[in-house]
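Peer 1: Below are the sequence and a predicted model; questions follow.
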Amino acid sequence: MPHTSTSIITIERFIMEQERLHPEATGELSNLLYDLCLAAKIISRHVRRAGLTDILGSAGAVNVSGDLQQKLDLFAHDAVQNAVQHTGRVCIAVSEEDEEPMLCPPASRRGKYVILYDPLDGSTNIDVNVSIGTIFSIHRRVTARKGEPSLADCLQVGRKQVAAGYILYGSSTMLVYTTGQGVHGFTLDPTIGEFLLSHPDIRTPETGKYYSVNESNWNRWTPAVQRAVAAFKNGDGGGRMQAKNARYIGSLVADIHRNLISGGIFLYPADTRSSEGKLRLLYEAAPLALVVEQAGGAATDGRRPILDLVPKSLHQRTPLFIGSKADVAFASEILSTESVPA
Ligand code: P6P
């Protein structure tokens, strides 16, 4: 049936229909997801104009990750904070741009949700017009509502996330999220300012045509990682793993989204320079792992499911192998042959 204007499903309508599946739902999570839609539209507008205003260039400050903060990073951080902190839906927020969590005022109206996010990942790509993204993870608070929210609310295992997703500022702006009922993608129609359902129930292929890794790290990898990447590049010779195409943008959300849709594996292993890998567990690996698992894929640190890792600190890093289930299993089997680092 041709796509007619009457079949348009806005993200607001979709979220509401999803909420109706849960009679116990209060609507707070739905409203929090709307809040993130607003932040996404605001960030998208600025990203689209980044080349036209003086917003380009670094803001001079350095964030907890040591990256030179780009002005858009700070803008995106503020856009998310402003969208969630006064709503009474969130009690504490963790951002890559802040060393410490932010308690959401006022104390009297702190909500039951925790948000952890990377406001604008891939920021080094901003000035060269390459796709960048926002990643978010939502947990329910675990501390008593009357008390102060704390690190205990933030350092939760990924499998307990109530929602997770990303916004990709690419050739179009897409919001992809899951609340545990599958993965759904929405494309922003800037002419009406609405996210419209464009990718219902995304399923990622069992094995994919792409492998995505920064091969300039080759000499810093362990022999097992080298064996896995070589098999993705050339095939494993035994017919189990066919040779894949290399695709690596160097912008996490863009790489993950392409492989989610087309199939493939993204790897950011540990190496001799980054003993825990480069990517962050709480607001990069864990939310992306929930999305990919919900789409039928897998995500590990090379051995253990990302969603089962117990966080110890807010900005801790983790090796990441994520994407098509058979590809991640193949890599994890090879890595399981090497001795576990002390
Ligand atoms: P490398 C971008 O800076 C980022 O944080 C991710 O978006 C991306 O996947 C990764 O780093 C790229 O890192 O070391 O390959 O440049």
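Peer 2: Thanks, I have it. Residues are numbered from 1 along each chain as shown.

Peer 1: Show the average pLDDT along the lengthiest helix in the chain.
Peer 2: Determined from DSSP state H, the single longest helix within the chain is helix 28-48. Mean per-residue pLDDT for helix 28-48: 94.

Peer 1: CA atoms of that helix as CSV?
Peer 2: Only the C-alpha atoms of helix 28-48 are listed here, as CSV (Å, rounded to 0.1, in the frame of the first residue of the first chain):
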residue,chain,number,x,y,z
GLU,A,28,6.8,9.5,33.0
LEU,A,29,9.1,7.5,30.8
SER,A,30,7.1,8.5,27.7
ASN,A,31,7.4,12.1,28.7
LEU,A,32,11.1,11.7,29.3
LEU,A,33,11.5,10.2,25.8
TYR,A,34,9.6,13.3,24.4
ASP,A,35,12.0,15.5,26.3
LEU,A,36,14.9,13.8,24.5
CYS,A,37,13.1,14.3,21.2
LEU,A,38,13.0,18.1,21.9
ALA,A,39,16.7,18.1,22.7
ALA,A,40,17.4,16.1,19.5
LYS,A,41,15.6,18.7,17.4
ILE,A,42,17.5,21.6,19.0
ILE,A,43,20.9,19.9,18.6
SER,A,44,20.0,18.9,15.0
ARG,A,45,19.2,22.5,14.1
HIS,A,46,22.6,23.6,15.4
VAL,A,47,24.5,20.7,13.8
ARG,A,48,22.9,21.5,10.5
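
Peer 1: what residues does this structure put near the ligand?
Peer 2: 121-122, 124, 214, 250-252, 255, 278 (Cβ under 6 Å from any ligand atom). No exception for glycine: its C-beta is placed from N, CA and C like everyone else's.

Peer 1: Just the buried residues of those.
Peer 2: 121-122, 251-252, 255, 278 (16 or more other Cβ atoms under 10 Å).

Peer 1: Do a quick rundown of the helices in the protein.
Peer 2: Taking DSSP H as the criterion, the chain carries its helices at 11-19, 28-48, 71-84, 151-154, 223-234, 252-262, 286-294, 325-335.

Peer 1: related to what we said a few turns ago, now do the longest helix of the chain: which elements does it pack against?
Peer 2: Helix 28-48 is packed against helix 11-19, helix 71-84, strand 113-121, strand 132-140, strand 163-169, strand 173-178, strand 183-189, strand 194-199, with contacts defined by 3 or more Cβ pairs under 8 Å, 6 or more residues apart in numbering; DSSP states H and E.

Peer 1: what's the pLDDT at the closest residue to residue 21 other than its chain neighbours?
Peer 2: Spatial nearest neighbour of residue 21, excluding adjacent residues (Cβ to Cβ, 6 or more residues apart in numbering): residue 181 at 6.7 Å. Residue 181 carries a pLDDT value of 94.

Peer 1: surely residue 181 meets residue 18?
Peer 2: Yes. Using Cβ atoms under 8 Å, residue 181 is in contact with residue 18, at 6.1 Å.

Peer 1: the more surrounded of the two?
Peer 2: More neighbours surround residue 18 than the other of residue 181 and residue 18, with 18 against 11 (other Cβ atoms under 10 Å).

Peer 1: so what's that one up against?
Peer 2: 30, 179, 181 (Cβ atoms under 8 Å, 6 or more residues apart in numbering).

Peer 1: From the ligand, how far off is the residue nearest to residue 21?
Peer 2: 27 Å (Cβ to the nearest ligand atom, to the nearest Å).

Peer 1: Quick check on that residue: phi, psi?
Peer 2: phi -120, psi 50 (degrees, to the nearest 10).

Peer 1: same deal with the one 10 residues further on?
Peer 2: Reported as degrees, to the nearest 10, the phi and psi values for residue 191 are phi -70, psi -20.

Peer 1: what about it, how many residues close to it?
Peer 2: Neighbour tally, residue 191, other Cβ under 10 Å: 6.
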